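>>> Give me a model of this one.
(2 chains)
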There are 2 protein chains.
Amino acid sequence: MSWEKNVRKVIPYTPGEQPKQADMIKLNTNECPYPPSPKVEEALKNFDADQLRLYPDPAIKKLTDAIAEYYHVGEEQVFVGVGSDDVLAMSFLTFFNDKENPILFPDITYSFYDVWAELYRIPYETQALDEEFRILPQDYQKKNGGVIFPNPNAPTGRMLPLSVIEQIIEANRDVVVIVDEAYIDFGGESAVPLTEKYDNLLVVQTFSKSRAMAGARIGFAIGDPKLIKYLNDVKFSFNSYTMDHITIETGTAAIQDGTYFKETVAKIVCTRERVSKELRKLGFQFADSSANFLFVTHPAHKAEDIQAMLRENHVYVRHFGGERICNYLRITIGTDDQMDRLLSLLNGYLGA
Amino acid sequence: MSWEKNVRKVIPYTPGEQPKQADMIKLNTNECPYPPSPKVEEALKNFDADQLRLYPDPAIKKLTDAIAEYYHVGEEQVFVGVGSDDVLAMSFLTFFNDKENPILFPDITYSFYDVWAELYRIPYETQALDEEFRILPQDYQKKNGGVIFPNPNAPTGRMLPLSVIEQIIEANRDVVVIVDEAYIDFGGESAVPLTEKYDNLLVVQTFSKSRAMAGARIGFAIGDPKLIKYLNDVKFSFNSYTMDHITIETGTAAIQDGTYFKETVAKIVCTRERVSKELRKLGFQFADSSANFLFVTHPAHKAEDIQAMLRENHVYVRHFGGERICNYLRITIGTDDQMDRLLSLLNGYLGA
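Here you go, the predicted structure:
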């Protein structure tokens, strides 16, 4: 008998491509086209390398406190992890342990949810979005082991109003409901205030998009102190020191610079609105996006062909498999110059 | 019914205290008393903060390649994680999935092993060290779901020769055997060469001790490409981007500076040997250590009393609960000056 019999065999998540081309325009993984706050660079330059010999603070208190302050919640309501993927992975492990009733999430959504469910052998059942890619709240009002969905949803960019989110939570007081707000800063209304009312609601956010720090790996969750305590117990049963010293410093600097953050988000939203109009003029079809990307389809051209053309010109956009969305492209909002280059390529291609 | 019914309830690992006193001498968490390689500081200063807006390389190729080169193995034989705790947590999840036969590890050992086992509900059975705190290889020759032990063992500092390790592996070809070499650079002989012969052997090491980078969170495993592939599949099912950009750069700089590494380790070993002699003169009893700490007991004084006296003088050492070791202290090897202060305090206390 081989040792392989005891191996947990899984099919891992495939992250978006990380090409390294000097002149590329990278619109495939929803990164921010602008640098992080100048305070981040300052924190980095001020960091004393000698401190690396010491373990970081396992409670990540400095960053936790800064996030709590920014969101006007208590620090016992904040959990910090290595990107929101780490926060979500820990949350699945902590909260989704019903072996009989499936957890529920949309059929078209962040494609890591089913991977985590498979990793931990959690039963799950996907709920179909409607024809316009909307989440239907009534689909989440059946017996289940937990609920998770992004708001705005990815890769559709479609946003649920807070009243509908509350309706879903109300119907699921006996399980944990996770609202994954990776893209919330670009247009949606955050469910963070609802965490005061519902002790079973966990709201997860990230520094990777709106705070321009995908490379630093910072995510966080806000919820009832009891939820956060359970999450920390599991975290401390997994790795006492998940976040390194430098990231604690740079992350704190970033969250404290609220002005820069708002300016950056405003620029991206402004570009998104302009580009949305231009793409519609070119015949693309899509719902309004509340995120830093557009999820578009063209009635006359195959998504894969458009993607290939763009790639030949060193512009990277994301294409997903899956029956209902295989003719769509997800295009991250870049700088105005980058988007002009995209529009010009599309214009040439569609006109030809 | 409350949402709490589905929570994974655990008793987390308690990391050593991280006090923040300006004048303290910190000998409680086995950190390195010397700074990381000057190349680390250089890498830090050269890092362009703008790059933080982009996701890091999910394959962590630069650091993986550098580790592979240093240890003369292929890069497909190296797995990199966020500290060796992360590597071990992923390894437990990946390899220890036998629900019937328990995994085996020593009764006195790294106190995170049973925490991971509890976290993942893995059956385990501890094997008693002998009276001199030695691992007995025959204890690991029974039916089991996997084997893990540190070499040198912690907190005892006792080392197993490679021949005995090979004997344990030989007896367990049908499960994965993990040798946790967090302290190997201070005296033991690494089992890395055995990974060429045994495809079920995983050797785990860390940058936290001998490479003075506890604050950066870097650990790694070396093993057969098949083991590493399984481990990466689970990692990519957990979090695509576990390691941030900056750590990839500073870690690579550290591993490439072999000269500095060897000098640092030699200094610590030299201090350890000197302090060992002095402590024995003071009546302390302990086996020779192959690690960067000493695990000592005194026939005439309670360990907790000695710890309290040292703490009053801002010198921190580690005390563990547990029947067989509650009269022991684990003392990290600091600089010569730090150890002189420790010796002087002990001298005063024991003489009084």
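>>> Report the closest residue of the stretch 151-300 of chain A relative to chain B.
Going by Cβ to the nearest Cβ, chain B is nearest to residue A:236 of the stretch 151-300 of chain A, at 3.3 Å. For the C-beta atoms, the positions are set from N, CA and C on the backbone; glycine is no exception.
>>> neighbours around that residue, how many?
Residues lying near residue A:236 (other Cβ atoms under 10 Å in any protein chain shown) number 22.
>>> Close to chain B: what parts of the stretch 151-300 of chain A are there?
Residues of the stretch 151-300 of chain A lying close to chain B (Cβ under 8 Å from any Cβ of the partner chain) are A:173-176, A:199-200, A:208, A:212-217, A:226, A:230, A:232-247, A:250.
>>> For the host helix or strand of residue A:246, what does the pLDDT average out to?
Assigned by DSSP states H and E, residue A:246 falls within helix A:245-256. For helix A:245-256, mean pLDDT rounds to 98.
>>> repeat for stretch A:324-343
97.
>>> same deal with stretch A:66-77?
For stretch A:66-77, the per-residue pLDDT values average out at 98.
>>> now residue A:91: how far from residue A:264?
For residue A:91, the distance to residue A:264 (Cβ to Cβ, to the nearest Å) stands at 27 Å.
>>> Who has more neighbours out of these two?
Taking other Cβ under 10 Å, residue A:91 and residue A:264 do not tie; residue A:91 has more neighbours (27 against 22).
>>> Now do the strands in chain A.
A:25-27, A:78-81, A:103-106, A:124-127, A:146-150, A:177-180, A:201-206, A:219-223, A:293-297, A:315-317, A:328-332 (DSSP state E).
>>> Tell me where chain A has helices.
Counting by DSSP state H, chain A has helices at residues A:38-46, A:61-71, A:83-95, A:113-119, A:162-170, A:225-238, A:245-256, A:258-281, A:303-312, A:336-351.
>>> Out of these, which is the most enclosed?
helix A:83-95 (a mean of 26; mean count of other Cβ atoms under 10 Å in any protein chain shown).
>>> now the angle between strand A:146-150 and that one, please.
170 degrees (axes from the mean of the first three to the mean of the last three Cα atoms, to 10 degrees).
>>> quick one, helix A:83-95 and helix A:225-238 angle?
100 degrees.
>>> Tell me how far residue A:140 lies from residue A:287.
Distance from residue A:140 to residue A:287, counting by Cβ to Cβ: 20 Å.
>>> out of those two, which sits in the busier spot?
residue A:140 (22 against 16).
>>> residues in contact with the more buried one?
Contact analysis of residue A:140 by Cβ atoms under 8 Å, 6 or more residues apart in numbering or on different chains lists A:104, A:127, A:147, A:149, A:168, A:171, A:172.
>>> and if you look at residue A:307?
Contacts of residue A:307 (Cβ under 8 Å, 6+ apart): A:317, A:319, A:329.
>>> And for the second one, nearest residue in space, chain neighbours not counted?
Taking Cβ to Cβ, 6 or more residues apart in numbering or on different chains, and ignoring the residues beside it in sequence, residue A:319 has residue A:307 as its nearest neighbour in space, at 4.9 Å.
>>> Find the closest residue to chain B in the stretch 1-150 of chain A.
Closest contact between the stretch 1-150 of chain A and chain B, by Cβ to the nearest Cβ, is at residue A:12 (3.3 Å).
>>> What about that residue, how many residues nearby?
17.
>>> can you check residue A:11 too?
With other Cβ under 10 Å as criterion, residue A:11 counts 12.
>>> got the contact list for it?
Here residue A:11 is in contact with A:115, A:118, B:233, B:237 (Cβ under 8 Å, 6+ apart).
>>> Same list (these) but as JSON lines, adding distance to residue A:6 and pLDDT.
Formatted as JSON lines, these follow (distance: Cβ to Cβ, whole Å; pLDDT from 0 to 100):
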{"residue": "A:115", "distance to residue A:6": "21", "pLDDT": "97"}
{"residue": "A:118", "distance to residue A:6": "17", "pLDDT": "97"}
{"residue": "B:233", "distance to residue A:6": "14", "pLDDT": "97"}
{"residue": "B:237", "distance to residue A:6": "17", "pLDDT": "97"}
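>>> Can I get these in CSV including distance to residue A:156?
CSV is the format used below for the contacts of residue A:11 (distance: Cβ to Cβ, whole Å):
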residue, distance to residue A:156
A:115, 19
A:118, 23
B:233, 28
B:237, 24
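>>> Just the closest of those residues to residue A:313, please.
If you rank those by distance to residue A:313 using Cβ to Cβ, residue A:115 comes first, at 31.7 Å.
>>> Against residue A:228, how distant is the closest residue in space to the closest one that isn't next to it in sequence?
With sequence-adjacent residues excluded and distances taken as Cβ to Cβ, 6+ apart, residue A:115 is closest to residue A:13, at 4.4 Å. Separation of residue A:13 from residue A:228 (Cβ to Cβ): 25 Å.
>>> which of the contacts of residue A:307 has the most neighbours?
residue A:329 (25 neighbours).
>>> That residue contacts residue A:318, correct?
Yes. Look at residue A:329 against residue A:318 with Cβ atoms under 8 Å: they come within range, at 6.9 Å.
>>> residue contacts, the residue of the stretch 151-300 of chain A closest to chain B?
Going by Cβ under 8 Å, 6+ apart, residue A:236 touches A:58, B:12, B:13, B:14, B:15.
>>> Cool, thanks, talk later.
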